[in-house]
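K.L.:
Turn this into a model:
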Amino acid sequence: MAPNMQGLTIASLKKHPALIPLYAFTLLGCGGAVFYTLRLAIRSPEVSWSKTKNPEPWNEYADKQHKFYSPVDTSGKIECPAPKY
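P.N.:
From the prediction side, this is the model:
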């Protein structure tokens, strides 16, 4: 039987407390990546999960801003750069 790697059990983490921030920030980074990927899959106008309910969901965002963060105040009317067919 192979010995366990140090730092993978609670008992060995007590011997090596410097590994705790490493694990904490790794979990935080992975959680942030999963959260952002789910947010893009759910809230993005480029993704359509139901074609029968709304076949063209991007048209709802013609006059809305859908950026995650924008330093520019766009509370007024937003001009849509998309062509109107």
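K.L.:
Trp49 and Glu60, how far apart?
P.N.:
With distances defined as Cβ to Cβ, to the nearest Å, the gap from Trp49 to Glu60 amounts to 14 Å. For glycine as for every other residue, the C-beta is placed from the backbone atoms N, C-alpha and C.
K.L.:
what stretches of this protein score poorly on pLDDT?
P.N.:
Of all residues in the chain, those with pLDDT under 70 make up the ranges 1-3, 45, 62-68, 73-85.
K.L.:
Mind jotting down where the strands sit in it?
P.N.:
Listed from the start of the chain, the chain has no strands (DSSP state E) to report.
K.L.:
From the contact counts, what lies against the longest helix anywhere in it?
P.N.:
Scanning the chain for the helix with the most residues, using DSSP state H, yields helix 19-43. For helix 19-43, there is no helix or strand it packs on, judged by 3 or more Cβ pairs under 8 Å, 6 or more residues apart in numbering; DSSP states H and E.
K.L.:
I'd like to know how far the residue positioned nearest the centre of the chain sits from Phe25.
P.N.:
When the chain is reduced to its mean C-alpha position, the closest residue under Cα atoms, centre = their mean turns out to be Tyr36, at 0.1 Å. As judged by Cβ to Cβ, Tyr36 and Phe25 stand 16 Å apart.
K.L.:
Now for the closest residue to His16 other than its chain neighbours: which residues touch it?
P.N.:
Counting by Cβ to Cβ, 6 or more residues apart in numbering, His16 lies nearest to Gly7, which is 5.4 Å off, once chain neighbours are set aside. When the contact criterion is Cβ atoms under 8 Å, 6 or more residues apart in numbering, the partners of Gly7 are Leu13, His16, Leu19.
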